[in-house]
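Asker: Take this sequence and fold it.
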Amino acid sequence: MEAPEKPEEITSYRTQKLAGTVNWGTATVIGVFAGMLYGGSKEAAASVSKDAEVMLKLGSTPDKREQYRLMRDAMEKRFIRVTRGSIVGGVRLGMFTAAFYGLQNLLAETRGVHDVFNVVGAGSATSAAFGLILPGSLQWRARNVMLGSVLGAAVCFPLGWIHLKLVEKANEGNMGAKDPGQRGEAKSGLGAAIDRLEENLNK
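Answerer: Numbering: from 1, shown residues only. You can find the predicted model right below:
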């Protein structure tokens with residue numbers, strides 16, 4: 001009698017997400033919308049001087065048809081400027097956000113740990129890459145690459161450290177909330193971090 005064959009085990013190759021890593025797609029979408037808002041509002045604020053020029057032309061034009069034509073042209077140009085600014089701002093900030101968080105997650109998966117050095121490396125590399133694609137001569141681009149890498153690392157180091165500390169506080173709060181002697185329900189990560197910061201300040 002033949003022995004029954006053992007069913008083949010299905011191996012999952014999905015890697016567990018490290019604590020503190022950000023969802024690449026969500027961050028990119030937020031970056032696109034934030035860039036669109038910033039670019040559109042910037043162009044809308046810059047259109048104030050253009051509107052003042054149009055008002056002066058309207059005051060010096062007695063013809064109603066000419067006034068209507070001037071108003072229509074001004075509104076069309078303003079709409080085009082704001083739309084173009086929104087699209088350009090969304091694309092730029094979206095590309096920067098996608099590259100930054102993509103490199104950050106790649107470094108975290110490659111090294112097997114998520115720490116402040118991943119944030120610094122991603123910020124430095126992303127800033128250097130965007131400094132390279134700026135228009136200008138080769139010497140100017142090399143200067144932008146060096147300056148961007150240094151500034152990216154300098155800015156991302158404190159921000160990454162604060163972010164990881166908040167994540168650590170949030171995880172500690174959630175683990176403490178799951179103990180039977182403490183809270184009955186686990187709070188969200190942000191709520192737990194705020195509670196722990198308040199406890200530290202009250203001491």
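Asker: before we move on, could you check phi and psi at Pro135?
Answerer: Dihedral pair for Pro135: phi -70, psi 150, per degrees, to the nearest 10.
Asker: Relative to Arg92, how far out is it?
Answerer: Applying C-beta to C-beta, to the nearest Å, the value for Pro135 to Arg92 is 14 Å. Just so you know, the C-beta spots here come from the backbone N, C-alpha and C atoms, and that holds for glycine as well.
Asker: and Ser47, what does it touch?
Answerer: By C-beta atoms under 8 Å, 6 or more residues apart in numbering, the contact set of Ser47 is 78, 81-82.
Asker: quick one, phi/psi of it?
Answerer: Per degrees, to the nearest 10, the backbone of Ser47 is at phi -80, psi -10.
Asker: any weak-confidence spans in the chain?
Answerer: Residue ranges of the chain with pLDDT under 70: 1-21, 51-54, 56-61, 173-193, 197, 201-203.
Asker: now for the lengthiest helix in it, which elements pack on it?
Answerer: In the chain, ranked by residue count with DSSP state H as the criterion, the top helix is helix 64-111. Helix 64-111 sits against helix 24-59, helix 116-132, with contacts defined as 3 or more C-beta pairs under 8 Å, 6 or more residues apart in numbering; DSSP states H and E.
Asker: Just name the most buried of those.
Answerer: helix 116-132 (a mean of 21; mean count of other C-beta atoms under 10 Å).
Asker: now that helix: how far from the chain's centre is it?
Answerer: From the chain centre to the centre of helix 116-132 is a distance of 14 Å (C-alpha atoms, centre = their mean, to the nearest Å).
Asker: domain parsing for this structure?
Answerer: 23-99, 113-173 (the TED database).
Asker: Ok, which of those domains comes nearest Asp195?
Answerer: With distances scored as C-beta to C-beta, the stretch of those nearest to Asp195 is domain 113-173 (6.1 Å).
Asker: how close does the nearest residue to Ala34 once chain neighbours are set aside sit to Tyr38?
Answerer: Nearest residue to Ala34 in three dimensions, chain neighbours excluded: Leu93, at 5.9 Å (C-beta to C-beta, 6 or more residues apart in numbering). According to C-beta to C-beta, Leu93 and Tyr38 sit 7 Å apart.
Asker: Likewise for Thr83?
Answerer: Going from Thr83 to Tyr38 by C-beta to C-beta gives 14 Å.
Asker: Also Leu151?
Answerer: Distance from Leu151 to Tyr38, counting by C-beta to C-beta: 19 Å.
Asker: Then Lys165?
Answerer: Going from Lys165 to Tyr38 by C-beta to C-beta gives 28 Å.
Asker: Could you report the neighbour count for the spatially closest residue to Asn118 that is not a sequence neighbour?
Answerer: Spatially, and ignoring its direct neighbours in sequence, Asn118 is nearest to Leu107 (4.2 Å; C-beta to C-beta, 6+ apart). Counted by other C-beta atoms under 10 Å, the residues lying close to Leu107 total 20.
Asker: Equivalent analysis for Leu134, please.
Answerer: Leu134: 11 neighbours (other C-beta under 10 Å).
Asker: Kind regards, and thank you for your time.
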